[in-house]
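J.: the sequence and its predicted three-dimensional model are supplied below.
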Amino acid sequence: MPLIKDGRESDNIWSNLDDERQDIAGSHVTVSLARFLRHKAEHDLPNVTLGVRLAPEDDPALLRPFLDDLILIEVSFPKYTDGRGYSQAQLLRRRYGYRGELRAVGHVLRDQILYMNRSGFDAFETSRADLSQVLAALTEHSAYYQPAADRAPSIFARRHPRSD
Amino acid sequence: MYRYDEFDAALVRERVAQFRGQVTRRLDGTLLEDEFKPLRLQNGVYLQLHAYMLRVAIPYGQLDPAKIRRLADIAERYDRGYGHFTTRQNIQFNWVSLKDIPDILDTLADVEMHAIQTSGNCIRNVTSDHFAGATADEIMDPRPWCELIRQWSTFHPEFAFLPRKFKIAVTAADHDRAAIRVHDIGLHMRRRGNEIGFEVHVGGGQGRTPIIATQIANFIPESQILDYLEAVMRVYNRFGRRDNKYKARIKILVSEAGPDAFRQLVDAEFAAQGPTETLALPQAEIDRVEAYFRAPYLPARTSASAALALARTADPGLDQWARTNLHPHKQAGYTSLTISLKPVGGLAGDATSAQMRAIADLAEQFGQDDIRVTHTQNIVLPHIAEDDLPALYSRLVEVGLATANEGLITDMIVCPGLDYCNLANARSIPVGQDIQNAFADPAEQEDIGRLHINISGCINACGHHHVGHIGILGVDRKGEEFYQISLGGRADEKAAIGEIAGRALPHEEVPGAIRRLVATYRALRTHPEESFIETLDRIGHDPFKEAIYAAD
């Protein structure tokens, strides 16, 4: 599935393993949160770069001990109407300070991408929007009332620039 | 009243352009209906029984002459010459076509209006006390905070796909006219010394599971209230149920988790907010928004208008109307008047283009350009000199807006029902009209006094039947319309859910049952000033239930 990252089409070197019993093959693999925590506890995969794919009900706080080393967290949207992934993203970026790639996967649509980007996503795996549409969606608003994970200054702040 | 700055104006225009693109993609098939649905809903566009319906936001019910004239123009050009004011203090147009909606939104943007988040599983229009800024019983004007909440919640990136819709109401008055205890979040502004803060109620609501809200905070200082709301919203977004849309409102989360556990979740989330996460609303911004709501300059007047007194003795109609449709103003010689949209036999909340224009003219000439929509589907002119009431009244008579029934038995909340709505099980409008006709005598209405009848055509409770002193719910019994009567509901600071009186009645028996109910009240009240709800509270429901079924 096409991957758009940092405003460009990007090759996807990662694979996702959703079968909990299957052995891991490949160098860059994302797994469920439970399996990720198990491998981290057992240190049993020295040759694999492990990423994690969060389900909507997962608590991202469980990833806190690993965030400095993680380079990919996928947040899944089984249905685009399930908005829990936006809160997971905001927590990972703003509260827990995650700096690696945060990728929206699943039912990712053009008209959700602006809010996803504001919530901290920098990569979108989608077959429902091409690059030009994604770039257009990201510029549909010129200003934002709320501070968010994108660190854009809020309108509330922009109305009162500090004189110093 | 608030005016857009360049940021507000740009965002509303950008939203119109965005939605125009979405409509284009929908019409050319790029966007599937299933994917278009939440987008149109977040722009107030519903697919109703007969046509698309457009719900336009009227934040906290605030209008001015230019805005209501624009609504009149839209009704005339794109609809059938009228609009329907709703219990969310909004207005709906029931007959618009999808291709026209981007143009309608553009003409709304010209007068600083929009339809953003008037539907969908997001934070909806913020509602408030329709006498805000004018009434004597408030500690301050709540509208600046309604506006700040409107801005904070507009296009909030984290809370656009909540488990279900989310409604916030704000009041600053002792007597709650904003029904805050039946909202997802109800905010009651309080003063502590020099500090302003908010008492926070969460998890109230109507629908099929009516619940009175739980108070989860006594006093959140105003500088922190938006951050506190973020905490409540995040807890709801993460933990609210998504497996069943009928159990997805925050009231279910609060009741299933338990109020204490819910409060702990919110407190923990609020406490965990780091310095880069808080909104840190600048005091200068609070001051900026408050400045827009400064009380209008009203020249000093004597407390009892001689001109009004004289005119009342000459015109019994004016006298009647002045007894029922006025609310005390904080300044002597002034009043807040209600323009009833509940003529006997009419459609609750409907106003024609001509009536909307007349209201605009009156607000301009007599009312400081200030117009409000009430959640009981009426219009308020909050700042009127009593001396001007005779002239104003005669103009209202000319346009059919002088109904003298504010808060009385014929001033009912009525949902559109099966005549318009594809969710309804039964018609609401004809039942309401039949009850109105049974109590058409103004003198009798006045003698009965304050009595709220609310009618819903299905258990989604858009007609607020749970909180009517008398609630009427339409139900379908094998293709026939029946009506279930409940007693003792109220939406104010003593909020309560009405109790079902007994078996449902067929349509034709409802007006008679209500007449017997009211006769019982008049026989049992200790004195004419004891209201229906007070009598009911004092002696219990039994005699009233007997009266309802006395025809058997």
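T.: The structure has been received and is ready for your questions.
J.: count of residues packed around the closest residue to chain B within chain A?
T.: Residue of chain A nearest chain B, by Cβ to the nearest Cβ: residue A:83 (2.9 Å). C-beta coordinates here come from the backbone N, C-alpha and C atoms, glycine included. Look at residue A:83: counted by other Cβ atoms under 10 Å in any protein chain shown, it has 27 neighbours.
J.: can you tell me the closest non-neighbouring residue to it?
T.: residue B:161 (2.9 Å; Cβ to Cβ, 6 or more residues apart in numbering or on different chains).
J.: so that neighbour touches residue A:81, yeah?
T.: Yes. Counting by Cβ atoms under 8 Å, residue A:81 is a contact partner of residue B:161 at 5.5 Å.
J.: what about the two, which has more around it?
T.: Between residue B:161 and residue A:81, residue B:161 has the larger neighbour count (other Cβ under 10 Å), namely 23 against 19.
J.: distance of the more buried one relative to residue B:240?
T.: Residue B:161 sits 11 Å away from residue B:240, going by Cβ to Cβ, to the nearest Å.
J.: ok, now residue A:78?
T.: 16 Å.
J.: where does the residue of chain A closest to chain B land on pLDDT?
T.: Residue A:83 carries a pLDDT score of 98 in this model.
J.: go on, the one 10 residues further on?
T.: For residue A:93, the pLDDT comes out at 97.
J.: now do the same contact list for the residue of the stretch 151-300 of chain B found nearest chain A.
T.: Going by Cβ to the nearest Cβ, chain A is nearest to residue B:161 of the stretch 151-300 of chain B, at 2.9 Å. By Cβ atoms under 8 Å, 6 or more residues apart in numbering or on different chains, residue B:161 lies in contact with A:80-83, A:86, A:112, B:38, B:121-122.
J.: same question for residue B:207.
T.: Counting by Cβ under 8 Å, 6+ apart, residue B:207 touches B:246, B:249, B:459-461.
J.: quickly find the element holding it.
T.: Following DSSP states H and E, there is no helix or strand that holds residue B:207.
J.: is it correct that residue B:106 is in contact with residue B:16?
T.: Yes. Contact criterion Cβ under 8 Å: residue B:106 and residue B:16 qualify, at 5.3 Å.
J.: who's more crowded, these two?
T.: Each of residue B:106 and residue B:16 has its neighbours counted (other Cβ under 10 Å); residue B:16 has more, 23 against 15.
J.: which stretch of helix or strand covers the closest residue to that one other than its chain neighbours?
T.: Nearest residue to residue B:16, sequence neighbours excluded (Cβ to Cβ, 6+ apart): residue B:105, at 4.5 Å. Assigned by DSSP H and E, residue B:105 belongs to helix B:101-110.
J.: same check on residue B:197?
T.: In the assignment (DSSP H and E), residue B:197 maps to strand B:195-202.
J.: strand partners of that strand, parallel vs antiparallel please.
T.: Using DSSP bridges, strand B:195-202 pairs in its sheet with strand B:185-192 (antiparallel), strand B:214-221 (antiparallel).
J.: go through those strands and pick out the most buried.
T.: Highest mean neighbour count of those: strand B:185-192, a mean of 21 (counted as mean count of other Cβ atoms under 10 Å in any protein chain shown).
J.: dump the C-alpha coordinates for that one into PDB.
T.: Output in PDB follows, covering the C-alpha atoms of strand B:185-192 (Å, rounded to 0.1, in the frame of the first residue of the first chain):
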ATOM      1  CA  ILE B 185     -20.900  18.700  30.000                       C
ATOM      2  CA  GLY B 186     -22.700  21.400  31.900                       C
ATOM      3  CA  LEU B 187     -20.700  24.400  33.200                       C
ATOM      4  CA  HIS B 188     -22.000  26.600  36.000                       C
ATOM      5  CA  MET B 189     -19.900  29.700  36.500                       C
ATOM      6  CA  ARG B 190     -19.100  30.600  40.100                       C
ATOM      7  CA  ARG B 191     -17.300  33.300  41.900                       C
ATOM      8  CA  ARG B 192     -14.800  32.800  44.700                       C
END
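J.: what does it contact?
T.: The contact list for strand B:185-192 (Cβ under 8 Å, 6+ apart) reads B:139-140, B:142, B:145, B:166-172, B:176, B:178-180, B:196-202, B:204, B:213, B:218-219, B:225, B:229, B:232, B:250.
J.: residue ranges with poor pLDDT in the chain?
T.: Answering for chain A, as no chain was given. For chain A, the stretches with pLDDT under 70 are A:163-164.
J.: look at chain B instead
T.: Low-confidence segments of chain B (pLDDT under 70): B:49-50, B:552.
J.: for residue B:122, which non-adjacent residue is closest in space?
T.: Nearest residue to residue B:122 in three dimensions, chain neighbours excluded: residue B:160, at 5.0 Å (Cβ to Cβ, 6+ apart).
J.: how about the backbone phi and psi for the closest residue to residue A:40 other than its chain neighbours?
T.: What sits nearest to residue A:40 in space, not counting adjacent residues and going by Cβ to Cβ, 6+ apart, is residue A:66, at 6.1 Å. Here the main-chain torsion angles of residue A:66 (degrees, to the nearest 10) amount to phi -110, psi 0.
J.: in strands, which of the contacts of strand B:185-192 appear?
T.: Judged by DSSP state E, strands contain the following of the contacts of strand B:185-192: B:168-171, B:196-202, B:218-219.
J.: now those as CSV including distance to residue B:348?
T.: Formatted as CSV, the ones in strands among the contacts of strand B:185-192 follow (distance: Cβ to Cβ, whole Å):
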residue, distance to residue B:348
B:168, 24
B:169, 20
B:170, 24
B:171, 23
B:196, 36
B:197, 36
B:198, 32
B:199, 31
B:200, 31
B:201, 27
B:202, 30
B:218, 37
B:219, 37
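J.: which of those residues has the most neighbours?
T.: Of all those, residue B:169 has the most neighbours under the rule other Cβ under 10 Å, reaching 31 neighbours.
J.: which residues in the stretch 401-550 of chain B form strands?
T.: With DSSP state E, counting those that start in this stretch as the criterion, the stretch 401-550 of chain B has strands at B:413-414, B:453-456, B:470-477, B:480-487, B:499-500, B:505-506.
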